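Asker: could you look at this predicted model? Sequence included:
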Amino acid sequence: MELIEKVSKFRSLNIAMMTPAAINKAIYDVLTFEGQFIYFTNGSTYPKGTLFFRARKLDSSVFPNAELMYEPHFWNAPAECIKTYGRLNKPGESLLYTTPGIPEITLKEIKIPDNSYYALMVYEATDDIKVNLIGQQYNYEMLGIQSEKIKLINNIFNDFLKDEFSRDVGEGTEYLYIVSELIAKNFFDLPPKDIQDAWAYPSLKDKEKYNVCFRPEIAKEVLKLKGALICEKLPQSYEIHVKCIQSEFDSSGKAQFYAVGSEEQHKVFPEITPVS
């Protein structure tokens, strides 16, 4: 089958030695037929009130500290700090990467070392959030698609996309992310707010679950920072071991931290129970 041969040819490319333009052309050769993108795209919606999580490794267990002092520290990183390609970003482009509903997934993906500290930012959707799904699960019966050939072709496309967006990329090989970055921007970037607020793509650690990535300006429109959990990574466990919480900022803009068991913790994160 010609499409399988195209995918196989793409897999054999030496991405490290190619220009972005050449990589982009190779992607188009796989994903288009006679110049048309023929994948069944589909949107989904996360309802207002959905929680989104983002984890960040910390260098210190002492709070407050310079890493988490002001509100911008709790959102996406400054663009000037982005030196390499990421799953959907170019160097110098800062996006907000989140995981909806299941914080353990983001902990696994950023590989928190045992006995170290991390901040788990918690954002709440202030409106329904429309996402463009990449590498999704299909119910062809609901879509009214009965042709086995069409299902096969779409499944090949879908598997290709799942593989690219859940690729495990190590330090020093971030250039491999250029493939997913180009696919997201050229094939799944629909008009913001009207059709799409964010991208959703398969999780590296659980391909049946999704991560959601926002452009910063849209994130600030559809999410609010509920607060952050300052946690210790327990050995060989992804149980969330909360040491203290962050909630709100004082009149000078500095983040405020509260102990587990405090009135503020019970108000903002009542689901937390003290660990003996």
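Answerer: Nice, thanks for sending it over. None of these values were measured; they are calculated from a predicted model. Numbers count the residues shown, from 1 in each chain.
Asker: only C-alpha atoms from now on, for both contacts and neighbour counts.
Answerer: Noted.
Asker: which stretches of the protein form helices?
Answerer: Secondary structure of the chain by DSSP state H: the helices cover 2-11, 20-31, 103-110, 140-143, 148-165, 178-187, 216-222, 263-268.
Asker: mean neighbour count added to those, as CSV?
Answerer: Shown next, in CSV, are these (neighbours: other Cα atoms under 10 Å):
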stretch, mean neighbour count
helix 2-11, 13
helix 20-31, 16
helix 103-110, 19
helix 140-143, 9
helix 148-165, 16
helix 178-187, 19
helix 216-222, 16
helix 263-268, 15
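Asker: could you tell me the least trusted of those helices?
Answerer: Mean pLDDT per stretch puts helix 140-143 lowest among the helices of the chain, at a mean of 84.
Asker: just give me how far it sits from the chain centre.
Answerer: Chain-centre distance of helix 140-143: 27 Å, with Cα atoms, centre = their mean, to the nearest Å.
Asker: what segments of the stretch 51-200 of the chain are strands?
Answerer: Secondary structure of the stretch 51-200 of the chain (DSSP state E, counting those that start in this stretch): strands located at 51-58, 96-100, 117-125, 129-133, 198-202.
Asker: and among those, the most buried is which?
Answerer: strand 198-202 (a mean of 26; mean count of other Cα atoms under 10 Å).
Asker: between that strand and strand 129-133, how many degrees?
Answerer: Computed by axes from the mean of the first three to the mean of the last three Cα atoms, to 10 degrees, the angle separating strand 198-202 from strand 129-133 equals 50 degrees.
Asker: now tell me what touches stretch 74-84 from outside.
Answerer: The contact list for stretch 74-84 (Cα atoms under 8 Å, 6 or more residues apart in numbering) reads 68, 90-97, 121, 174-175, 216, 225, 228.
Asker: Leu58: which of those is nearest?
Answerer: Lowest distance from Leu58 to these (Cα to Cα) belongs to Leu68, with 9.0 Å.
Asker: what does the model give that closest one for pLDDT?
Answerer: Reported pLDDT for Leu68: 92.
Asker: next up, the contacts around it.
Answerer: Going by Cα under 8 Å, 6+ apart, Leu68 touches 74, 255.
Asker: out of the helices of the chain, flag the one nearest Lys130.
Answerer: With Cα to Cα as the measure, helix 216-222 is the member of those nearest Lys130 (10.0 Å).
Asker: what sits closest to Phe10 if chain neighbours are left out?
Answerer: In space, and not counting its chain neighbours, Phe10 is closest to Ala26: 6.8 Å by Cα to Cα, 6 or more residues apart in numbering.
Asker: typo on my end, it should be Leu95
Answerer: Arg215 is the one closest to Leu95 (Cα to Cα, 6+ apart), at 5.1 Å.
Asker: wait, doesn't the one you found sit right on Leu96?
Answerer: Yes: between Arg215 and Leu96 a contact is recorded at 6.3 Å, counting by Cα atoms under 8 Å.
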